[in-house]
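Trainee: here are the coordinates; sequence isn't available:
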């Protein structure tokens, strides 16, 4: 082959290579973009929204078709070919392209297309997929979903508790909207909460049934049902009672079935909660601020169960506290003394029959020995405390003339002679006077170091029809 011929073939090859590269680069550079309402729509978008016009919204019955405009943009510098459009999916017949773009979109240009939603004769949601096939090197088969809904006149159910709307499916009960009934004692009366069923729609709302479901459905009950038919803009009341028969947290779902056409609200549901608690009273007896256990048989001066040595026919009084740390009222049935010397112990007055939770009552017990020596009895208190309905505590005291030796008269004065402690120390001896041996009045006191006999003059006291004295020792 001659040199000129070879040269000619070589030059033709050089011309074909750039042309081929140009064609290949032009095809690869084509890029399609679709926008609605100025927002880019992704290829394969299956979530129609009003923001990018893919959701045509709710169309009222009697309204005409709804049009939405979309833009097909060619992001390359070479022409973009639109090969064909297609409507596919669930309801393609409800959508049509009434203003298709030109089949060729020049480089760096765009074209618009209009899609129309044709409302169906029956209400409900309609969806379809728009498919755009082009020569774009990327996304040449471009698809996105569109949707529209025909809304017919219908009822619309709304539930309120305490004038606060309870959303359908509400599952976090609160006190504010009446869905949390709080804590209730098993023996307490039931608690009732009211709810309002309101119809904000345009047609009559028909309540077909109301169900209480869940493992605790026996703890709640509908004690007042709403009206079966609720006209537009009207409402009806529903009362729910919580009457726990067992302890623990109880939750149920209220299901209200109606003709509201909204799929999630044909059965409108919300959750109720309540806590069942077994409320019990509790009796605690304490003396001198110290708790005395039931059955305590070791009297002690620290808790006042061991009375001070008391002269014959005199009275020592000690105070005890009845308290109720429980969470239900405490009922005191009887307070009595039993045992060998029960008749030498008494109470100043009967306690209240009822002590409320966190309440208390001061019980005064008197010891009046009739004979010398150790005297004992058991304080018995009956109540409705389920764990200690009989509360018994041992009491003890000693009777005898340990301090008061005798009473002498000197004119209208009384001379009280008494002995002091046999142990050395610092003592105050208080002399108390009474006309009835129930109410004692201090009339004087004397200091002593012990181991001596003293005399106290009570002036102008012998004229009383009855007079009693008592000497009380206090050691420092």
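Mentor: Nice, thanks for sending it over. Given the structure is predicted, the values throughout are model-derived calculations rather than measurements. Numbering: from 1, shown residues only.

Trainee: can you give me the strands for the stretch 351-476 of the chain?
Mentor: Ranges of strands within the stretch 351-476 of the chain are 354-355, 360-367, 373-383, 390-399, 404-410, 413-419, 427-434, 441-448, 453-458, 468-475, based on DSSP state E, counting those that start in this stretch.

Trainee: mind putting the ones you listed in JSON lines, mean pLDDT included?
Mentor: Shown next, in JSON lines, are these (pLDDT from 0 to 100):
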{"stretch": "strand 354-355", "mean pLDDT": "94"}
{"stretch": "strand 360-367", "mean pLDDT": "95"}
{"stretch": "strand 373-383", "mean pLDDT": "94"}
{"stretch": "strand 390-399", "mean pLDDT": "93"}
{"stretch": "strand 404-410", "mean pLDDT": "82"}
{"stretch": "strand 413-419", "mean pLDDT": "87"}
{"stretch": "strand 427-434", "mean pLDDT": "88"}
{"stretch": "strand 441-448", "mean pLDDT": "92"}
{"stretch": "strand 453-458", "mean pLDDT": "90"}
{"stretch": "strand 468-475", "mean pLDDT": "82"}
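
Trainee: just put those in CSV and tack on mean neighbour count.
Mentor: Backbone N, C-alpha and C define where each C-beta goes, glycine included. Output for the strands of the stretch 351-476 of the chain, formatted as CSV (neighbours: other Cβ atoms under 10 Å):
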stretch, mean neighbour count
strand 354-355, 18
strand 360-367, 17
strand 373-383, 19
strand 390-399, 20
strand 404-410, 14
strand 413-419, 19
strand 427-434, 18
strand 441-448, 14
strand 453-458, 15
strand 468-475, 17
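
Trainee: of the ones you listed, which is nearest residue 302?
Mentor: strand 390-399 (13.2 Å; Cβ to Cβ).

Trainee: all helices for this structure, in order.
Mentor: Assigned by DSSP state H, the helices in the chain fall at 3-29.

Trainee: so where is the stretch 1-150 of the chain shaky, pLDDT-wise?
Mentor: Under the criterion pLDDT under 70, the flagged ranges of the stretch 1-150 of the chain are 1-29.

Trainee: at 90 instead, please
Mentor: Along the stretch 1-150 of the chain, segments meeting pLDDT under 90 span 1-30, 58-64, 99, 119-124, 150.

Trainee: start to end distance for stretch 131-138?
Mentor: The first and final residues of stretch 131-138 sit 14 Å from each other (Cα to Cα, to the nearest Å).

Trainee: got it, and stretch 32-51?
Mentor: 20 Å.

Trainee: about what we covered before: could the strands of the stretch 351-476 of the chain go into a markdown table alongside distance to residue 246?
Mentor: As requested, the strands of the stretch 351-476 of the chain are exported to a markdown table (distance: least, Cβ to Cβ, whole Å):
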| stretch | distance to residue 246 |
| --- | --- |
| strand 354-355 | 27 |
| strand 360-367 | 31 |
| strand 373-383 | 25 |
| strand 390-399 | 28 |
| strand 404-410 | 63 |
| strand 413-419 | 65 |
| strand 427-434 | 57 |
| strand 441-448 | 57 |
| strand 453-458 | 67 |
| strand 468-475 | 56 |
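
Trainee: among those, which comes closest to residue 67?
Mentor: Smallest distance to residue 67 across these (Cβ to Cβ): 78.8 Å, for strand 354-355.

Trainee: and residue 178, how far from residue 129?
Mentor: Distance check for residue 178 against residue 129: by Cβ to Cβ, to the nearest Å, it reads 46 Å.

Trainee: okay, how far is it across stretch 80-99, tip to tip?
Mentor: By Cα to Cα, the extent of stretch 80-99 from end to end equals 18 Å.

Trainee: residue 178 and residue 129: who's more crowded?
Mentor: Legend: neighbour count by other Cβ atoms under 10 Å for residue 178 and residue 129, higher for residue 178 (21 against 18).

Trainee: which ones are touching the more buried one?
Mentor: Residues near residue 178 by Cβ atoms under 8 Å, 6 or more residues apart in numbering: 161, 162, 193, 194, 195.

Trainee: what bridges to the first one?
Mentor: Think residue 161. residue 164, residue 195 (DSSP bridges).

Trainee: correct me if wrong: it contacts residue 180.
Mentor: No: applying Cβ atoms under 8 Å as the test, residue 161 and residue 180 come out as separate, 9.7 Å apart.

Trainee: which one's more surrounded, the two?
Mentor: residue 161 (24 against 19).

Trainee: now for that one: which residues touch it?
Mentor: For residue 161, the contacting residues are 177, 178, 179, 193, 194, 195, 196, by Cβ under 8 Å, 6+ apart.

Trainee: ok, of those residues, which one's closest to residue 222?
Mentor: residue 195 (9.9 Å).

Trainee: tally of neighbours for the closest one?
Mentor: By other Cβ under 10 Å, neighbour count at residue 195 equals 24.

Trainee: and the pLDDT for it?
Mentor: Note on residue 195: pLDDT of 98.

Trainee: so it touches residue 158, yeah?
Mentor: No: judged on Cβ under 8 Å, residue 195 makes no contact with residue 158 at a distance of 10.8 Å.

Trainee: and of the contacts of residue 178, the nearest to residue 474?
Mentor: Checking the contacts of residue 178 against residue 474 by Cβ to Cβ gives residue 193 as the nearest, at 61.0 Å.

Trainee: how far away is the residue lying closest to that closest one once chain neighbours are set aside from residue 134?
Mentor: Spatial nearest neighbour of residue 193, chain neighbours left out: residue 178 (4.2 Å); criterion: Cβ to Cβ, 6 or more residues apart in numbering. Separation of residue 178 from residue 134 (Cβ to Cβ) stands at 59 Å.

Trainee: with that, I have no additional questions.
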